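Undergrad: quick one, fold the following:
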Amino acid sequence: MSTLIYAASIILNLIVNFQIFNNQYSTVTLILWLLSIILLISASNPKQLIFERTKHAISHKSFLLLALLFLPLAVRIINYSPERIHGDDLLTAYFSANYDLGQDNFFSVVPKNRADWVAQFPTVYFALQKIFFLFFGENVLTIKLSILPYILTISLALFLITKNLLGKTTAIISIFLYSFFFPSLYLETLGLHFTASTAVFILFFYFLIRSLKSNQSSLAVLTGLLAGASYWFYLSSYIALPILVIAIFVKLISSPKIVTVKFSLLILIAFLMAIGPFVTYAARFNNYFFQRTNQVSLLSGEWSDI
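TA: Residues are numbered from 1 along each chain as shown. As a prediction, the model looks like this:
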């Protein structure tokens, strides 16, 4: 049964790519893509795991841990200032506010006109921020508040990674350090989409660490999808694919078995399904993925003289 579901998810994803390639995007295209991802996840038996299984009853320690994970949010909110803005966070919010959820091609670019900003980026962050604005309004404060879910994701993933590698005590220390880490505190009291890129990458890294210790299909799918999602936001998470390739190579060398090959193949399939429509659009119409690097490349970039 799971094989049929895998096949259905791949076929739906290929249909989406075909529609994007032929410039036939509609809301149905987005729905089919989301359905293909949902089918892929369901076929991998996600009940096996999402995060580490916990059988602990709710206790005072659990509440303290939850409060700790919210500490970075509290520190950033306390340091909000309506007078401290950045041109890019206002531009980002402007593009999000004017994003048309029903009409704009989800797999295309923002802004539509490259001259409107330094470069063009995938639409995902802008679509999500648009939804946030629909619920909470459009002002300087909501621009800053719109990135809080990403900060919470970073806190959770950072804690889980450190706990997995170095133990719970070090994980707690890491959250305190992150709460007051000045580069993060600066960027995350603005409304820049760098934070979303960091959040999805660190979540990918968490599942990658777990997948190196296991051949569970649910881990493979989540790792691959999050590696692909690292290309939905900003260039700082583009390092996901090189890290993924190295990790798969190490896993295949250390455990050269059929089950490991199948596991690695499932990761790559999930990665391609997550990024496929975006790459199809970029290859067919506008390769925006490297616009920014082509600007700031030290020796050959458009801005290299500067």
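Undergrad: quick check: longest helix of the protein.
TA: For the chain, the helix that runs over the most residues, judged by DSSP state H, is helix 258-284.
Undergrad: run through the strands of the chain in chain order.
TA: Per DSSP state E, the chain carries strands over the ranges 109-110, 121-122.
Undergrad: contacts for the last one?
TA: Strand 121-122 is touched from outside by 107, 109-110, 193, 231-234, 278, 288, with contacts defined as C-beta atoms under 8 Å, 6 or more residues apart in numbering. For glycine as for every other residue, the C-beta is placed from the backbone atoms N, C-alpha and C.
Undergrad: any chance of those residues in CSV, plus neighbour count and pLDDT?
TA: As requested, the contacts of strand 121-122 are exported to CSV (neighbours: other C-beta atoms under 10 Å; pLDDT from 0 to 100):
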residue, neighbour count, pLDDT
Phe107, 24, 95
Val109, 23, 93
Val110, 22, 93
His193, 25, 88
Tyr231, 23, 95
Trp232, 19, 95
Phe233, 24, 93
Tyr234, 21, 90
Phe278, 23, 96
Tyr288, 18, 87
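Undergrad: disregarding residues adjacent in the polypeptide, which is nearest to Tyr281?
TA: Spatial nearest neighbour of Tyr281, excluding adjacent residues (C-beta to C-beta, 6 or more residues apart in numbering): Phe107 at 4.6 Å.
Undergrad: equivalent analysis for Val259, please.
TA: Asn215 (5.1 Å).
Undergrad: touching, the one you found and Phe263? I think so.
TA: Yes: if you go by C-beta atoms under 8 Å, Asn215 and Phe263 touch, sitting 4.5 Å apart.
Undergrad: look at these two and report which has more neighbours.
TA: A count of neighbours by other C-beta atoms under 10 Å puts Phe263 above the other of Asn215 and Phe263, at 22 against 16.
Undergrad: give me the pLDDT for that one.
TA: At Phe263, the model reports a pLDDT of 88.
Undergrad: ok, now Leu160?
TA: Taking Leu160 on its own, its pLDDT is 93.
Undergrad: and for Ser255?
TA: pLDDT, Ser255: 79.
Undergrad: now, which of the contacts of strand 121-122 sits nearest Arg76?
TA: His193 (15.7 Å; C-beta to C-beta).
Undergrad: nearest residue to the residue nearest the centre of the chain in space, please, no chain neighbours.
TA: By C-alpha atoms, centre = their mean, the mean C-alpha position of the chain lies nearest to Val200, the distance being 3.0 Å. Leaving out its chain neighbours, the residue that sits closest to Val200 by C-beta to C-beta, 6+ apart is Ala229, at 4.8 Å.
Undergrad: tell me how far that neighbour lies from Lys251.
TA: 21 Å (C-beta to C-beta, to the nearest Å).
Undergrad: also Arg76?
TA: Distance from Arg76 to Lys251, by C-beta to C-beta: 37 Å.
Undergrad: who has more neighbours, the two?
TA: Neighbour tally, Arg76 and Lys251, criterion other C-beta under 10 Å: the higher count belongs to Arg76, 22 against 19.
Undergrad: contacting residues for the more buried one?
TA: Arg76 makes contact with 148, 151, 185, 188-189, according to C-beta under 8 Å, 6+ apart.
Undergrad: among the residues you listed, name the ones in helices.
TA: Members of these lying in helices (criterion: DSSP H): 148, 151, 185.
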